[in-house]
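**Q** one predicted model, sequence on top.
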Amino acid sequence: MTERARERCSVMAARAIYATDPEHSRGRFYPDTPSPFRTKFARDRDRLIHSTAFRRLRYKTQVFVAPEQDHFRVRLTHSLEVAQIARSIARILRLDEDLAEVVALAHDLGHPPFGHSGEHALARAMAPFGGFDHNGHAIRIVTLLEHRTPDYDGLNLSWEVLEGIAKHNGPVADPGWALHDADRLWPLELASWCGPEAQVAALADDIAYNAHDLDDGLRAGLFDVEDVAAKVPIVGQLWRQTQSRWPRVHDKARLVPPLIRDLIGVMADGLLQETRQRLDHYRPQSVVDIRHADQPMVQFPAAILTEMQPLRRYLMAEMYTHPSVQEICAPAERIVEELFTALHARPHDLPAPWQARLALAGDDAQSQARIIADYVAGMTDRFAIHEHQRLTGRQLMPVDNYF
């Protein structure tokens, strides 16, 4: 290794003064014996990866409901890609990589089956009982619903991880009941920004879904790369550069992966440039300074936000609202709503452990509804289809070869 390379590695290894230091974490709700080999945030990441809820993301929709191929992204693969981008950016900014990674891995943990369609349906069903949102449900999963030890409910994650999950998209002025309950038990300072690692995780999500939804849409044949290039200037510019690097390659499919990589690179580079400028301007001396700044410290430059708008509009028109995508949304929503309705009317159809939880709730109708929503939200797409058919006798969606 050259002297310059050693110097670079040394600089990269030094944690920035404004980074979140695991040695100064606010700790866990339940006291725990420290690990001699892993930091608090590394243990949080490992606990999350070993959780049941994380494994279930393998069978939860990202964009395509009941995809006919196994190459499309699901919640699990999307979360892994977000975590990779978040960790890389955190390393460059000299933040805590483990904290950025665990928040990224957890950011979609609370999604019910069938993605946003399922969330809309469950929110309607739960409207009389306080509503439903996936971010609040993620907090509920890691603080209450996971059972990895007889000592306590939840995963007993560090305060900084819970804060990151709760407000990685910014301060929460009007928390739903799930976040409100968690905040009342252990205040998460919902009115302030989260730490820099969680801010990185949030924008890593933006980078991942902008690039990878484009990739999946091309793979699905919903649109052609030449059409995107003609209508989305940033994609057109990168596509021409890609073609110029491989002028003898005429198979467009072979050129899409480097196009997607370059698109990720443009967004990541812009984020790093803007974030460094904000850090130079604010000169935060601690993570507390970042939490109480008057704007997020991690952000895209205005030019990148402007360039991404045509891509988001294109994906909305040609992918998210494409007939082949939309035609499956209605039955997916019906499955979730009818599952909630059936179980709310006949709670004895719940598995025994869930009936035990209902018994503890007594006659509190709101608590009972929330327990049923917990059960439905935890279902994978495939299990929801099977359970709906079992409880109603009707099949609204084919399940053959599902995933």
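**A** That came in fine, so what should we check first? Numbering: from 1, shown residues only.

**Q** buried stuff in the longest helix along the chain?
**A** Longest helix of the chain, by residue count under DSSP state H: helix 252-282. Residues 255-256, 259-260, 262-264, 266-268, 270-272, 274-275, 278-279 are the ones in helix 252-282 that count as buried (16 or more other C-beta atoms under 10 Å). Just so you know, the C-beta spots here come from the backbone N, C-alpha and C atoms, and that holds for glycine as well.

**Q** contacting residues around the helix or strand just after that helix?
**A** Heading C-terminal from helix 252-282, the first helix or strand you meet, by DSSP states H and E, is helix 287-291. Helix 287-291 has contacts (C-beta atoms under 8 Å, 6 or more residues apart in numbering) with 18-21, 189, 192-196, 199, 282, 284, 297.

**Q** filter these to the buried ones?
**A** For the contacts of helix 287-291, buried by 16+ other C-beta under 10 Å: 18-21, 189, 192-196, 199, 284, 297.

**Q** adding pLDDT, distance to Pro175 and secondary structure, write those residues out as CSV.
**A** Below are those laid out as CSV (pLDDT from 0 to 100; distance: C-beta to C-beta, whole Å; DSSP: H, G, I helix; E, B strand; the rest coil):
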residue, pLDDT, distance to Pro175, secondary structure
Tyr18, 97, 26, coil
Ala19, 98, 27, coil
Thr20, 98, 22, coil
Asp21, 97, 27, coil
Glu189, 96, 12, coil
Ser192, 97, 13, coil
Trp193, 97, 15, coil
Cys194, 97, 14, coil
Gly195, 98, 18, coil
Pro196, 98, 22, helix
Gln199, 98, 19, helix
Pro284, 98, 26, coil
Met297, 98, 22, coil
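
**Q** which of those lies closest to Val142?
**A** Cys194 (15.3 Å; C-beta to C-beta).

**Q** skipping its backbone neighbours, what lies nearest that closest one in space?
**A** Residue nearest to Cys194 in three dimensions, not counting chain neighbours: Lys167, with 4.7 Å by C-beta to C-beta, 6 or more residues apart in numbering.

**Q** gap between the nearest residue to Tyr209 once chain neighbours are set aside and Asp269?
**A** Counting by C-beta to C-beta, 6+ apart, His78 is the residue found nearest to Tyr209 once chain neighbours are left out, at 7.1 Å. Distance of His78 to Asp269, given as C-beta to C-beta, to the nearest Å: 22 Å.

**Q** do Thr392 as well
**A** As judged by C-beta to C-beta, Thr392 and Asp269 stand 51 Å apart.

**Q** what does Glu101 give?
**A** Between Glu101 and Asp269 the distance is 20 Å, computed by C-beta to C-beta.

**Q** could I get the contacting residues of the residue lying closest to Met379 once chain neighbours are set aside?
**A** Distance criterion C-beta to C-beta, 6+ apart; nearest residue to Met379, sequence neighbours excluded, is Pro113 at 4.9 Å. For Pro113, the contacting residues are Lys60, Thr61, Ala332, Ile335, Val336, Val376, Ala377, Met379, Thr380, Asp381, Phe383, Ala384, by C-beta under 8 Å, 6+ apart.

**Q** can you get me a residue count around the first one?
**A** So that's Lys60. When neighbours are defined as other C-beta atoms under 10 Å, Lys60 has 27 of them.

**Q** which pLDDT does the model give the closest residue to it other than its chain neighbours?
**A** Nearest residue to Lys60, sequence neighbours excluded (C-beta to C-beta, 6+ apart): Arg75, at 4.1 Å. Note on Arg75: pLDDT of 90.

**Q** quick check: Arg75 touching His107?
**A** No: assessed by C-beta atoms under 8 Å, Arg75 is found out of contact with His107, at 9.9 Å.

**Q** pick out whichever of those two has more residues nearby.
**A** For Arg75 versus His107, neighbours defined as other C-beta under 10 Å are more numerous around His107 (27 against 22).

**Q** distance of the more buried one from Lys40?
**A** Taken as C-beta to C-beta, the span from His107 to Lys40 is 19 Å.

**Q** again with Gly378
**A** 27 Å.

**Q** and for Phe54?
**A** Distance, Phe54 to Lys40, using C-beta to C-beta: 18 Å.

**Q** of those two, which one has the most company?
**A** Comparing Phe54 with Lys40 by other C-beta under 10 Å, the one with more neighbours is Lys40, at 25 against 22.

**Q** right, and that one touches Asp21 too?
**A** No: if you go by C-beta under 8 Å, Lys40 and Asp21 don't touch, sitting 9.8 Å apart.

**Q** related to what we said a few turns ago, now the buried ones among the contacts of helix 287-291 as JSON lines including distance to Gln241?
**A** Listed next are the buried ones among the contacts of helix 287-291 as JSON lines, based on distance: C-beta to C-beta, whole Å:
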{"residue": "Tyr18", "distance to Gln241": "35"}
{"residue": "Ala19", "distance to Gln241": "34"}
{"residue": "Thr20", "distance to Gln241": "37"}
{"residue": "Asp21", "distance to Gln241": "41"}
{"residue": "Glu189", "distance to Gln241": "44"}
{"residue": "Ser192", "distance to Gln241": "41"}
{"residue": "Trp193", "distance to Gln241": "36"}
{"residue": "Cys194", "distance to Gln241": "35"}
{"residue": "Gly195", "distance to Gln241": "36"}
{"residue": "Pro196", "distance to Gln241": "32"}
{"residue": "Gln199", "distance to Gln241": "30"}
{"residue": "Pro284", "distance to Gln241": "36"}
{"residue": "Met297", "distance to Gln241": "31"}
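
**Q** closest one of those residues to Glu163?
**A** Distance to Glu163 across these (C-beta to C-beta) is lowest for Cys194, with 5.5 Å.

**Q** residues contacting that closest one?
**A** Listed by C-beta under 8 Å, 6+ apart, the contact partners of Cys194 are Glu163, Gly164, Ala166, Lys167, His168, Arg291.

**Q** what of Ala229?
**A** By C-beta under 8 Å, 6+ apart, Ala229 lies in contact with Val235, Gly236, Trp239, Arg240.

**Q** one more time with 6 Å, if that's ok
**A** Ala229 makes contacts with Val235, Gly236, Trp239, as judged by C-beta atoms under 6 Å, 6 or more residues apart in numbering.
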